[in-house]
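A.B. asks: below are the sequence and a predicted model for it; my questions follow.
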Amino acid sequence: MGKDSKPKESSKGKGKQAASGGEDNASKGKGKGGKSGDGLGTCTYVKARHILCEKQGKINEAYKKLQDGWLNNGDKVPPAEFAKVAVEYSECPSGKKGGDLGWFPRGKMAGPFQEVAFNTPVGATSAPFKSTHGYHIILCEGRKN
């Protein structure tokens, strides 16, 4: 509803971004919204990397590493650097590939993972969150319809 952390990480889709409901911005954003980087929550496909850890302490360590390198300075984590942290910390088989999940459609991923993946601005990194599989951090690399 009112996530304060999203606006400082939103250089790609300049302008106002909805945290979840696109209805309020539909009339304002239509003219500018032709880019694939816009349309938070309304796109059909997302390209993402993630880090998955069974324990909250481990995911917090990974997030701290990302914060110390980039996020505390308001910078976006470069995909290659996120990949290094994923290789080091992720317990998912995708961790060996830098956490790369490639492009996936809406409906393929479960509950909270899908919500975060489809609502994270392109280039931004999510805060750690919990799903039925464990604790995740997501880097959104792209979106398309």
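C.D. replies: Perfect, I can see it now.

A.B. asks: make it CA atoms for all contacts and neighbour counts henceforth
C.D. replies: Noted.

A.B. asks: name the helices or strands packed onto the strand or helix carrying residue 61?
C.D. replies: Applying DSSP states H and E as the criterion places residue 61 in helix 56-69. If contacts are counted by 3 or more Cα pairs under 8 Å, 6 or more residues apart in numbering; DSSP states H and E, helix 56-69 sits against strand 45-53, helix 79-89, strand 134-144.

A.B. asks: how about the ones you listed in a markdown table, adding mean pLDDT and distance to residue 73?
C.D. replies: Compiled in a markdown table, those are given as follows (pLDDT from 0 to 100; distance: least, Cα to Cα, whole Å):
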| stretch | mean pLDDT | distance to residue 73 |
| --- | --- | --- |
| strand 45-53 | 97 | 21 |
| helix 79-89 | 97 | 15 |
| strand 134-144 | 96 | 17 |
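
A.B. asks: returning to what we had before: list the buried residues for the helix holding residue 61?
C.D. replies: 59-60, 62-63, 66-67 (16 or more other Cα atoms under 10 Å).

A.B. asks: then stretch 100-113?
C.D. replies: Neighbour count says stretch 100-113 has 100, 104-106, 113 buried, by 16+ other Cα under 10 Å.

A.B. asks: from these, which land in strands?
C.D. replies: Among those, the members falling in strands (DSSP state E) are 100, 104-105.

A.B. asks: for those, which one is nearest residue 126?
C.D. replies: residue 100 (15.0 Å; Cα to Cα).

A.B. asks: if I look at that closest one, how far off is residue 57?
C.D. replies: Per Cα to Cα, to the nearest Å, residue 100 is found 22 Å from residue 57.

A.B. asks: and the contacts of stretch 126-135?
C.D. replies: Contacts with stretch 126-135, where a contact means Cα atoms under 8 Å, 6 or more residues apart in numbering, come from 52-56, 59-60, 63, 111-113, 116, 120, 136-139.

A.B. asks: low-confidence stretches in this protein?
C.D. replies: Screening the chain residue by residue with the criterion pLDDT under 70, one finds the ranges 1-41.
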